[in-house]
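**Student:** Requesting a structural model of the entry that follows:
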Amino acid sequence: FLHPAQEHFLEEAAKRGDHLVVGVHGDECHQAAVGSWPAECYAARLERVRRNGLAATILEQAPWEVTAELLTELGVQKVLGGSVTKMEDCTPGPQGHPDSLSAPNRTSREAAAPAADPYALAKQRGIFEEVPSLNASTEHDEWMRKVVKVAFSNVDASIDWRI
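**Tutor:** Residues are numbered from 1 along each chain as shown. The predicted structure follows:
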């Protein structure tokens, strides 16, 4: 299953375009970019995205960085990323995403090395959009919004309009 922040991102991305392409990085690509192996293997991550059903196309073994060739070959007109950056989300331990696990195989040199922005070209071309990422606070707010929506639709359905 996808965790709530991933579900939220895919739902928002699907609303913002006609054809959602979701890239799934291979384990080696992730390790080279982040300096640690992903917590979950490539096949499992790929299957989670498939089961979600929002992606019209899944780009398997996606490159870490959005390149001119990728944009041209796929005809991409919009690139989305979360307000929690890809490096923050994928970097294990205290320097990365607050909910991520620590990784003993990551060296301090790797942790300190600044990474290039994988969305730099999309930003330069003006086709990048940031989707607000969920955190403990915004995840609760999103849940409450959905609950209130359901509660009000149930109230609306039960009102007797006869006078």
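
**Student:** what are the ranges of the helices in the chain?
**Tutor:** Counting by DSSP state H, the chain has helices at residues 4-15, 27-34, 42-52, 68-74, 86-90, 108-112, 120-124, 136-158.

**Student:** and those helices, which one's lowest on average pLDDT?
**Tutor:** Mean pLDDT is lowest for helix 108-112 among those, at a mean of 40.

**Student:** For residue 83, which residues are in contact?
**Tutor:** Remark: with contacts taken as CB atoms under 8 Å, 6 or more residues apart in numbering, residue 83 is in contact with 130-133. Using the backbone N, CA and C atoms, a C-beta is placed for each residue, glycine as well.

**Student:** And residue 116, by the same measure?
**Tutor:** Residue 116 neighbours (CB under 8 Å, 6+ apart): residue 65.

**Student:** ok, it to residue 43 distance?
**Tutor:** Distance, residue 116 to residue 43, using CB to CB, to the nearest Å: 27 Å.

**Student:** repeat for residue 50
**Tutor:** 10 Å.
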